[in-house]
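Peer 1: Sequence first, predicted coordinates after that:
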Amino acid sequence: MAKGDNADLFGNRFLTVPAPSETFPEEGMAATDAMRLLDVDLAMEGDPQRNLATFVTTWMEPEAQRIIAENLHRNFIDHAEYPISAEIEQRCVRMLADLFNAPGRTTGCRTQGSSEAIMLGALSLKWKWRERRRAANLSVDRPNLVFGGDVHVVWEKFCRYFDVEPRIVPLAEGKYTIGPEDVEPHLDENTIGVVAVLGTTFTGHKDDVVGIDKLLQDVRKERDLDIPIHVDGASGAFVWPFLYPDSKWDFRLEQVRSINVSGHKYGLVYPGIGWLVFRKESDLPKDLVFHENYLGKTDATFTLNFSTGASMVLAQYYNFVRLGRQGYTYVMKMLQENAHVLADNLRSSGRFEVIGSDLEQLPLVAFRLAGKHAYDESDVAWQLSAERGWMVPAYTLPPNAERVKIMRALVKETLSREQIDRLSQDIEDACRTLDGKGATHEIERAQVKRGTGY
């Protein structure tokens with residue numbers, strides 16, 4: 001039997017043929033071979049169950065996975081062909097508006113994660129500012145947007161892409177969020193809005209939304225400037241309503257006009273799904289809505305993307321009706337309890353200082369080494385990955401707190417109490433190794449990722 005016949009018989013040709021990587025392959029391969037080729041490649045990646053860096057959901061119930069798998073072929077944007085998918089999107093928007101305490105009828109949309117939602121929300125701020133300025137016969141040449149150094153990089157992208165001046169409030173050691181006293185000096189007649197973060201990627205805390213709202217109400221009365229707030233709730237807007245229901249950050253505050261949230265984070269849906277919700281329908285400028293005659297039906301569209309799968313919208317709705325307020329509250333409290341256990345374990349080791357665990361916070365633990373050592377947090381992250389495969393990021397904070405280096409462990413549904421205890425022990429073991437050998441080699445340290453968005 002020829003070698004090629006053996007490959008056809010046993011389905012293992014991919015083992016001896018280099019994976020296509022530079023040129024488009026001339027020939028295909030058997031379905032089993034292609035599947036195994038990918039499986040073998042992906043086996044070399046990190047284990048998502050031990051990835052404590054990412055906010056993104058890494059587990060869903062089998063029933064949700066079935067809904068996703070059975071609807072991968074459904075193009076969400078084709079509303080004429082798939083009107084039920086469009087209706088389910090709007091059901092989710094109405095449920096979120098209710099969750100965020102919108103005062104009445106409103107509008108919103110699904111997006112490709114919070115990045116698109118932020119772009120659309122910020123564009124709305126710019127367009128509404130321009131409307132107000134033109135109505136008063138004033139210049140629209142120099143818009144600016146105020147936000148803290150605790151925001152995701154997408155806010156700086158928006159400013160660069162859409163020609164808005166970023167007015168970034170720097171952080172400081174021991175102060176990792178912003179409040180009204182930080183925002184006030186940056187406000188003027190060209191300010192299109194202020195961004196408040198609910199659950200920062202750095203330490204998991206929230207900006208002082210209540211204080212910023214009061215400041216902006218005073219500015220409106222005293223200086224006749226109506227400056228809105230956009231709440232970036234990418235991580236926190238599926239946490240605060242359930243863990244801190246009495247904490248005001250949403251549409252209960254008068255100047256909050258729009259909120260984004262990532263369904264694929266603590267919304268408990270696989271990537272990528274995000275949401276944008278407005279306080280009132282009038283907060284969405286009409287000029288940003290396109291009415292498209294597509295496939296025999298005129299649809300109103302407000303997105304940066306067009307074709308996209310309906311699966312994650314359906315999976316989000318599944319979670320809403322499956323869990324409800326009661327279920328989401330249970331899940332978030334379970335995650336919070338495990339985060340508290342991990343924080344207690346780290347404190348009791350005597351090696352670490354836990355940052356801000358007595359404040360309202362996402363289910364995570366932000367921590368740093370206590371005292372002086374021959375190694376730092378990046379070394380611990382490397383050693384922990386090398387010994388046990390845990391992916392726990394170590395990174396410096398934004399200016400002017402860049403001298404502060406911390407580690408951050410996200411607690412999600414996949415992290416059980418048993419794993420919390422194992423992680424705590426593995427961190428202790430990694431430190432013991434470093435006690436003996438000292439800091440990792442420069443080559444090793446160069447391989448540690450320091451960003452918070454990977």
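Peer 2: That came in fine, so what should we check first?
Peer 1: Tell me who's in contact with E165.
Peer 2: By CB atoms under 8 Å, 6 or more residues apart in numbering, E165 lies in contact with R142, P143, N144, L145, C159, N190. Where you see a C-beta, it was placed from the backbone N, CA and C, and this is true even at glycine.
Peer 1: mind listing what H230 touches?
Peer 2: Contact analysis of H230 by CB under 8 Å, 6+ apart lists 118, 121-122, 125, 193-196, 256-260.
Peer 1: Only whichever of those are buried, select them in ChimeraX.
Peer 2: Applied in ChimeraX, the following selects the buried portion of the contacts of H230 according to 16 or more other CB atoms under 10 Å:
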select :118,121,122,125,193,194,195,196,256,257,258,259,260
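Peer 1: Distance to S247 and secondary structure added to the contacts of H230, as TSV?
Peer 2: Shown next, in TSV, are those (distance: CB to CB, whole Å; DSSP: H, G, I helix; E, B strand; the rest coil):
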residue	distance to S247	secondary structure
I118	22	helix
G121	21	helix
A122	24	helix
L125	24	helix
G193	21	strand
V194	19	strand
V195	18	strand
A196	13	strand
V256	13	strand
R257	19	strand
S258	19	strand
I259	14	strand
N260	18	strand
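Peer 1: For A370, state which of the contacts of H230 is nearest.
Peer 2: Nearest to A370 among the contacts of H230: A196, at 31.0 Å, using CB to CB.
Peer 1: My read is that the closest one contacts G233, right?
Peer 2: No. Using CB atoms under 8 Å, A196 makes no contact with G233, being 9.1 Å away.
Peer 1: pLDDT on the longest helix along the chain, on average?
Peer 2: What stands out as the longest helix in the chain, according to DSSP state H, is helix 311-348. Mean pLDDT, helix 311-348: 98.
Peer 1: got the buried residues for the helix or strand that that helix is followed by?
Peer 2: The helix or strand immediately downstream of helix 311-348 is strand 352-354, counting by DSSP states H and E. Neighbour-count burial for strand 352-354, with 16+ other CB under 10 Å as criterion, is recorded at F352, V354.
Peer 1: avg pLDDT for strand 352-354?
Peer 2: Strand 352-354 comes out at a mean pLDDT of 97.
Peer 1: partners of it, with directions?
Peer 2: Partner strands and pairing direction for strand 352-354 (DSSP bridges) are strand 364-369 (antiparallel).
Peer 1: where along the stretch 51-200 of the chain do the helices fall?
Peer 2: Ranges of helices within the stretch 51-200 of the chain are 62-70, 83-99, 113-135, 154-161, 180-183, based on DSSP state H, counting those that start in this stretch.
Peer 1: out of those, nearest to F278?
Peer 2: helix 113-135 (7.4 Å).
Peer 1: Which neighbouring elements make contact with that closest one?
Peer 2: Judged by 3 or more CB pairs under 8 Å, 6 or more residues apart in numbering; DSSP states H and E, the packing partners of helix 113-135 are strand 108-111, helix 154-161, strand 191-197, strand 229-232, strand 256-262, strand 274-278.
Peer 1: ok, now with 6 Å
Peer 2: Here helix 113-135 touches helix 154-161, strand 191-197, strand 256-262, strand 274-278, going by 3 or more CB pairs under 6 Å, 6 or more residues apart in numbering; DSSP states H and E.
Peer 1: Reformat those as CSV; add distance to L410 and mean pLDDT.
Peer 2: Shown next, in CSV, are these (distance: least, CB to CB, whole Å; pLDDT from 0 to 100):
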stretch, distance to L410, mean pLDDT
helix 154-161, 19, 97
strand 191-197, 16, 98
strand 256-262, 13, 98
strand 274-278, 18, 98
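Peer 1: Counting neighbours, what do you get for L120?
Peer 2: For L120, the neighbour count with other CB atoms under 10 Å is 22.
Peer 1: in the sheet, who's paired with the closest residue to it other than its chain neighbours?
Peer 2: Of all residues not flanking L120 in the chain, L276 sits nearest, at 5.5 Å (CB to CB, 6 or more residues apart in numbering). L276 has the following beta-bridge partners by DSSP bridges: C109, N260.
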